Structure formats: structure tokens, C-alpha cells
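Chemist: predicted structure and sequence below. I'll ask about it afterward.
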Amino acid sequence: MSMNQKLDTSLSLSLRLSEEERMKSTLLRTGYQRDGKLWRLILLYEGSLEEVSRELSFFAIPLLGNFAIIEIAETKLPALLEYPQVLYLELPGPLYQEEITGMGASCFSKRPFSPENDSDGTLTGDGTAVAILDSGVDFRHPDFCTPEGRSRILFYWDQSLPYDGSNRYRLGHIFTEEELSLLLSGAAPSGAVAPSPDSSGHGTHVAGICAGNGRASGGRNHGAAPMASLLVVKLKNDASSVFTDYANLMLAVDFVVRCANELEMPLSVNISYGSNDGAHNGSSLVERFLSEVSFFGKNVVVAATGNEGLSRRHSRVTVNPGTSRLIPFRISPGEQSMYLQLWKPYAETFSYGLFLPDGKEELIVPGTPGLSRFNREDMQLFFFINEPGPYQPLQEVFLVLLPDTGRQSLASGQWQLRILSGEKQSVPVDLWLPSREATGQATGFLEPSAYGTLTIPSTAKNVISVGGYDSSLDVFASFSGRGFEFSQPSAPNLCAPAVNILSTAPGGGYTVRTGTSMAAPFVTGAASLLMQYGIVNGQDPFLYGEKIKALLQKGARPLPGFSVYPNPSAGWGALCLKDSLPSGILSPADSVSQNVP
């Protein structure tokens with residue numbers, strides 16, 4: 001058996017390239033450390049890793065389930081693949097940020113929040129934990145402090161700081177509530193380390209929607225769960241860019257779930273990051289991990305569907321038997337690298353061609369698994385065709401374009417991929433380019449599909465995937481990622497306000513942002529309130545996980561423009577908290593929460 005079947009396509013190709021070639025690609029260098037030629041990878045395993053890590057002298061961080069993040073020398077990878085405990089290895093692909101209005105539209109009360117009013121039975125998230133896995137949070141913002149000036153953040157893991165030598169993940173610095181409160185009061189020891197700034201403001205904004213208490217606005221601009229406790233992870237960025245990766249996200253999820261279990265608190269996790277790298281069918285290791293995490297403790301994971309709806313980064317075409325199909329796409333000027341992923345049924349045999357922007361020559365590629373490489377017009381072109389694996393039934397065709405030595409960017413203009421079909425049947429083929437945050441504005445397919453534009457990990461089976469709508473107009477947001485058109489939609493599950501959302505900003509004030517990143521935290525906060533009612537208040541100890549999803553879908557209200565629910569755009573409709581609560585719990589609607597967004 002070929003050990004390459006234990007590698008995902010991106011990793012398999014990266015290992016075949018020189019270091020110089022690998023480092024030109026954002027995707028192919030993810031997880032690679034030039035110093036020491038080490039790889040940081042996602043591993044699916046069975047049994048124990050102790051013997052393997054001891055014999056090969058590499059570091060492994062076991063996660064919940066049979067997943068691990070490992071750090072291993074490249075020279076030891078062939079030996080690692082020989083061990084039966086090792087089932088599959090993946091490159092930790094890049095993740096990008098998805099860029100208080102909306103409270104009333106989501107059936108939360110709009111009345112100002114005050115902690116003194118928590119005694120009247122309204123839901124505030126008290127007794128639950130909300131996890132923000134993002135660009136960090138301004139822990140000094142008044143909305144994340146108690147009236148007494150203490151931090152509402154129970155643990156803050158800053159992955160971007162130097163390793164503090166005290167955590168099992170060998171990454172960053174973990175602050176406790178006590179340490180944060182001392183920093184807030186000015187009583188921390190001289191020279192004490194503090195969390196690094198949230199330079200983008202993305203995480204601070206998301207946290208305010210989830211759980212800000214509105215103290216900086218006199219209680220007006222509070223979030224969905226203003227008395228929930230916070231668990232914050234600032235995700236480590238790539239050293240040369242602004243993205244994080246799947247491995248950092250998986251470590252963060254593992255950390256907050258373990259923390260919540262030790263604290264015996266129900267947990268809602270917010271993920272407002274996404275990527276186009278994968279088959280979008282739940283088969284990648286990060287998707288599988290997030291689905292399995294729901295079995296550990298009482299938690300729910302919420303993920304934004306991304307802003308790829310109109311980005312032109314996805315195309316779905318039907319290829320008919322015995323025909324040739326051209327798929328045109330454009331590359332922006334100045335792109336330093338580019339890749340295209342094509343996913344197809346393995347049963348159908350294709351061959352491929354590629355026309356460069358001048359259109360004079362077609363590069364011919366057979367449809368058999370393997371690597372084909374070309375040098376044209378000061379560029380290097382790699383066609384890698386993989387076989388299906390034990391965790392992925394589709395066949396992936398992976399095209400990578402890199403500038404040749406001495407060049408800084410690719411040839412811009414219109415390219416064309418040609419697919420020549422076999423003789424069996426008409427089959428759909430899905431193609432993705434990197435997400436819009438990773439490419440120039442002009443890059444995209446000339447015949448795009450708005451469907452199939454959910455970003456990973458919102459495609460994971462057991463997460464709650466949240467799209468966006470404009471609550472001021474009560475219309476679906478055209479930029480919001482959508483599910484596949486001609487299949488029973490499993491995602492998105494519902495949508496929430498995503499346009500011109502007012503929330504917390506670094507420095508102590510508020511600002512407006514737009515994107516599905518802003519929609520997901522409305523649902524994360526709503527999940528916190530449902531778990532407070534069910535678990536903390538003792539009304540339903542099983543109100544978490546998929547049951548939360550079911551209640552939110554049941555309570556979602558219709559949006560104008562859609563006649564069928566669920567649908568691949570809005571799912572089951574727009575978030576409506578009061579209708580998601582079990583019948584007869586709180587009535588009238590305004591009593592649902594004067595502390596909810």
C-alpha cells in the first residue's frame with residue numbers, strides 16, 4: 001500500500017517540491033518551519049502515540065478524540081507513515097477572518113442591561129461560558145469587565161506571545177482571571193506580561209456581540225449574553241501574513257472545551273474564520289474534529305459561513321460524456337502565487353488542459369494520479385492528481401501556479417482550464433480558488449456559482465453554521481456564503497444580522513462592521529441563553545449540542561424572497577430567540593431578556 005494515501009493532497013504535493021518552491025505558496029508552506037526543517041501537521045491516529053513519538057523523537061499534542069497536532073522533522077515523515085497508529089496526516093491550511101444593530105430583529109429585547117436586573121428571571125448567559133477564538137480581545141474594554149472592575153475573562157490564551165513554559169500546547173501564554181484583574185487594577189507586578197493588542201479589532205467586535213455587557217454605553221450596547229463568562233484565544237498568525245491555520249484553531253477548541261469541562265460550565269464556541277481549502281463536505285480533519293468535539297462535555301460550536309457568496313471563487317460545472325468543457329478564470333495583477341482545487345467523482349475519467357493568458361499553447365495533463373510539472377513564461381505550474389482516500393471519496397485535482405526564480409508575481413489575465421470527459425455519464429465538478437481575503441479583487445472564475453460558497457469549517461456536520469442578512473431591510477445579504485443548490489441543505493442552519501453591526505472596538509468604544517463574522521456571534525450568544533435556561537436553571541440538562549441547533553432552526557422566522565425552507569441561502573430562516581425557547585417558558589416576548597442583544 002502506498003504511504004502517500006495517508007497524506008492529504010496539499011501535503012503530498014508540498015513534500016515533492018523544493019523548499020524554495022514551497023515557500024512561494026501561502027497554502028503549501030502552512031505548517032512548515034524553515035529553521036530545523038520541521039513540519040507542524042494535523043494527525044488522525046488510533047491507539048497510543050507514546051511509542052511512536054518516543055522512537056522518532058517528535059512532539060505530539062493529543063487533542064480530544066483521536067486527533068493530534070504534531071511537530072516533526074521532514075526527514076522522519078517517511079518513517080512516521082509506516083506506523084499503523086498513524087491513519088492520516090493533513091497540512092494545517094490557512095484560515096482568514098470573515099469580515100448593537102440586529103438585537104430586536106433577532107427577537108432579543110432592546111432594553112438597556114444592568115446586572116441588578118438579573119434577579120428578575122431574564123436570561124443573560126449567567127453561569128455559562130462563551131469562547132471567542134479570533135484575533136484577540138481588548139481585555140481592558142469596560143464591556144468585558146464587571147462593575148467592580150474585575151475581568152469577565154476566565155482564561156485568555158494568547159497564542160502569539162512567546163511560549164510561557166507552563167501549558168501542554170507549547171504555545172503562547174495563558175492568563176487567568178486573577179492575572180487579568182491585577183493588570184486592570186494596576187496592581188500587577190512590575191514588568192508583568194499582558195495580552196498583546198487586538199490590532200485588527202475583529203475579535204473585540206465579535207466578543208461584544210456575543211457577550212459585551214454594555215458598560216461603556218450605560219448598558220445600551222450590550223451583547224447577546226451580557227453576563228456570560230468569557231474564554232478567549234488569540235489565534236497565532238503566520239509570521240509573514242495575517243492568517244492563522246487549522247492547527248491553531250483545533251488547539252484553541254481543545255483548550256476551551258477542556259476549560260469549560262473543568263469549570264463544569266456549559267460552553268458556546270464562536271468561530272468567525274473560514275477557508276476555501278477542501279472539498280466542503282465535512283471530510284477534512286478539522287471538520288471531523290469539530291464534529292466530534294460535540295461529544296465532550298456540554299457545548300455547541302457556531303461557525304460563520306463566510307463572505308464568499310459573490311466572490312467568484314467557486315464554480316460548479318456539469319461535464320457531459322465525450323465532451324470538452326472550458327472553465328475560464330482570471331488572475332489579478334501582482335498575485336505572488338495561486339492554486340485551484342477541483343473535486344470530482346472518482347468513477348469518471350477526465351483529462352485536462354490549461355491555456356495560459358496568451359492563449360497560444362495548451363498544456364496537456366493526463367487524468368491518471370500523479371504529478372505533472374511545467375515551466376512556461378517564467379512560471380512553474382504543478383498539476384497534482386490524487387486518489388480518493390479512506391476519509392475522502394472524491395478525487396482532487398490540485399493546480400498550483402508559482403513564479404519562477406527571479407520573478408515576483410504570476411502572469412495576470414484570463415486563464416482557461418479544459419476538462420475532457422470520458423464516456424460514462426454527466427457529472428458535476430466543483431472548483432475553488434483561494435478565498436477573497438487571500439487574493440486580489442479581480443481574481444475569480446468568469447462563470448462562478450454563488451452556491452457552494454460556504455467556507456470551512458462551517459461545513460462541519462455538528463457545528464451550527466450561520467449566514468448573514470441585512471436586518472434594516474430584512475433581506476438576505478448577497479455576500480453571505482451559501483450551501484449547494486441541488487442537494488438537501490444541511491448548511492447553513494440559519495442566518496443572523498450581518499450588515500452594519502455596532503459592537504465593541506479596541507480602546508473602549510464602539511464601531512460598525514459588516515460580514516458573517518458578525519452574524520455568528522448573535523447565534524453563539526443565543527446558544528448561551530438557551531443553555532442557561534436548560535442547564536444552569538435546571539429546566540433541561542440536555543439542552544446543548546444538536547438540540548440547540550434544532551431549537552434555533554425551529555424558531556427561525558422566514559425572510560422575504562424565500563418560499564422554501566430550509567434553503568441553501570438562509571437555511572431555516574432568520575434567528576428569533578423568543579420562538580426558539582421551548583413553548584410556554586417566557587412570555588411575553590420582551591421578558592425573554594432585557595439583557596439579550
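Modeler: Ah, there it is. Residues are numbered from 1 along each chain as shown.
Chemist: hmm, residue 392 and residue 344 touching each other?
Modeler: No - applying Cβ atoms under 8 Å, one finds residue 344 not in contact with residue 392, separated by 11.9 Å. The way it works is simple: take the backbone N, C-alpha and C, and place the C-beta from them, glycine included.
Chemist: may I have the beta-bridge partners of residue 510?
Modeler: Applying DSSP bridges to residue 510 gives these bridge partners: residue 504.
Chemist: list the contacts for it?
Modeler: For residue 510, the residues meeting the contact criterion (Cβ atoms under 8 Å, 6 or more residues apart in numbering) are 208, 216, 217, 221, 502, 503, 504.
Chemist: just checking, next helix/strand downstream of the host helix or strand of residue 54?
Modeler: Counting by DSSP states H and E, the secondary-structure element that holds residue 54 is helix 50-56. Where DSSP H and E defines the elements, the next helix or strand beyond helix 50-56 is strand 59-62.
Chemist: what are the pairing partners of that next one, and which direction each?
Modeler: Using DSSP bridges, strand 59-62 pairs in its sheet with strand 67-73 (antiparallel).
Chemist: average pLDDT for the partner strand?
Modeler: Strand 67-73 comes out with an average pLDDT of 97.
Chemist: now the helix or strand just after that strand: mean pLDDT?
Modeler: Proceeding C-terminally, strand 67-73 gives way to helix 77-81 as the next helix or strand, assigned by DSSP H and E. For helix 77-81, the mean pLDDT works out to 95.
Chemist: pull helix 77-81 out as CSV, backbone CA atoms only.
Modeler: Coordinates of the C-alpha atoms in helix 77-81 are reproduced here as CSV (Å, rounded to 0.1, in the frame of the first residue of the first chain):
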residue,chain,number,x,y,z
LEU,A,77,7.9,11.7,7.8
PRO,A,78,8.5,8.5,5.7
ALA,A,79,9.2,6.5,8.9
LEU,A,80,6.1,8.0,10.6
LEU,A,81,3.8,6.9,7.8
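Chemist: most neighbours out of the contacts of residue 510, which is it?
Modeler: Using other Cβ atoms under 10 Å as the contact criterion, the top neighbour count among the contacts of residue 510 goes to residue 208, which has 34 neighbours.
Chemist: and for it, nearest residue in space, chain neighbours not counted?
Modeler: residue 504 (3.1 Å; Cβ to Cβ, 6 or more residues apart in numbering).
Chemist: contact partners for the one you found?
Modeler: The neighbours of residue 504, taking Cβ under 8 Å, 6+ apart as the test, are 138, 141, 143-144, 204-205, 207-208, 212, 216, 221, 510-511.
Chemist: how far is the helix or strand of the chain with the lowest mean pLDDT from where the chain is centred?
Modeler: Sorting the helices and strands of the chain by mean pLDDT, DSSP states H and E puts strand 94-97 at the bottom, at a mean of 84. Relative to its chain's centre, strand 94-97 lies at 7 Å (Cα atoms, centre = their mean, to the nearest Å).
Chemist: could you do stretch 198-218 as well?
Modeler: Averaging C-alpha positions (Cα atoms, centre = their mean) puts stretch 198-218 20 Å from its chain's average.
Chemist: can you pull out the helices in the stretch 101-250 of the chain?
Modeler: If you assign secondary structure with DSSP state H, counting those that start in this stretch, the helices in the stretch 101-250 of the chain sit at 177-185, 202-211, 246-263.
Chemist: which other helices and strands contact the first one?
Modeler: Applying 3 or more Cβ pairs under 8 Å, 6 or more residues apart in numbering; DSSP states H and E, we find helix 177-185 packed against strand 153-158.
Chemist: now do the strand it packs on and helix 246-263, the angle between them.
Modeler: Interaxial angle of strand 153-158 relative to helix 246-263 (axes from the mean of the first three to the mean of the last three Cα atoms, to 10 degrees): 160 degrees.
Chemist: what residues does strand 153-158 touch?
Modeler: Outside strand 153-158, the residues that reach it (Cβ under 8 Å, 6+ apart) are 129, 136-137, 139, 144, 167, 172-177, 180, 195-196, 229-234, 252, 255, 259, 263.
Chemist: next helix or strand past the strand or helix carrying residue 353?
Modeler: In this structure, residue 353 sits in strand 350-355 according to DSSP H and E. Note on strand 350-355: by DSSP H and E, the next helix or strand toward the C-terminus is strand 362-365.
Chemist: sheet-wise, list the partners of that next one with their directions.
Modeler: strand 350-355 (antiparallel).
Chemist: in the strand it pairs with, what counts as buried?
Modeler: Buried positions in strand 350-355, judged by neighbour count with 16 or more other Cβ atoms under 10 Å: 350, 352, 353, 354, 355.
Chemist: so what does the least confident helix or strand of the chain touch, helix or strand wise?
Modeler: So strand 94-97, by 3+ Cβ pairs under 8 Å, 6+ apart, packs with strand 244-245, helix 246-263, strand 273-274.
Chemist: what's the mean pLDDT across stretch 159-176?
Modeler: On average, stretch 159-176 scores 95.
Chemist: that stretch spans what distance, first to last residue?
Modeler: Counting by Cα to Cα, to the nearest Å, the length from the leading to the trailing residue of stretch 159-176 is 14 Å.
Chemist: what's the spacing between it and its chain's center?
Modeler: For stretch 159-176, the gap between its own C-alpha mean and the chain's C-alpha mean amounts to 22 Å (Cα atoms, centre = their mean).
Chemist: contacting residues around that stretch?
Modeler: 59, 61, 136, 153-158, 193, 195-196, 233-237, 248, 251-252, 255.
Chemist: list the contacts of the residue of the chain most remote from its centre.
Modeler: Relative to the centre of the chain, and counting by Cα atoms, centre = their mean, the farthest-placed residue is residue 360 at 40.0 Å. Remark: with contacts taken as Cβ under 8 Å, 6+ apart, residue 360 is in contact with nothing.
Chemist: picking that back up, just say which of the helices and strands packed on strand 94-97 is most tucked in.
Modeler: Mean neighbour counts were taken over the helices and strands packed on strand 94-97 using mean count of other Cβ atoms under 10 Å, and the top value, a mean of 29, falls to strand 273-274.
Chemist: tell me the helices and strands packed up against that one.
Modeler: Counting contacts by 3+ Cβ pairs under 8 Å, 6+ apart, the secondary-structure elements packed against strand 273-274 are strand 94-97, strand 299-304.
Chemist: got the buried residues for the helix or strand following the last one?
Modeler: Moving toward the C-terminus from strand 299-304, the first helix or strand encountered (DSSP H and E) is strand 314-319. Within strand 314-319, the residues that qualify as buried by neighbour count (16+ other Cβ under 10 Å) are 314, 315, 316, 317, 319.
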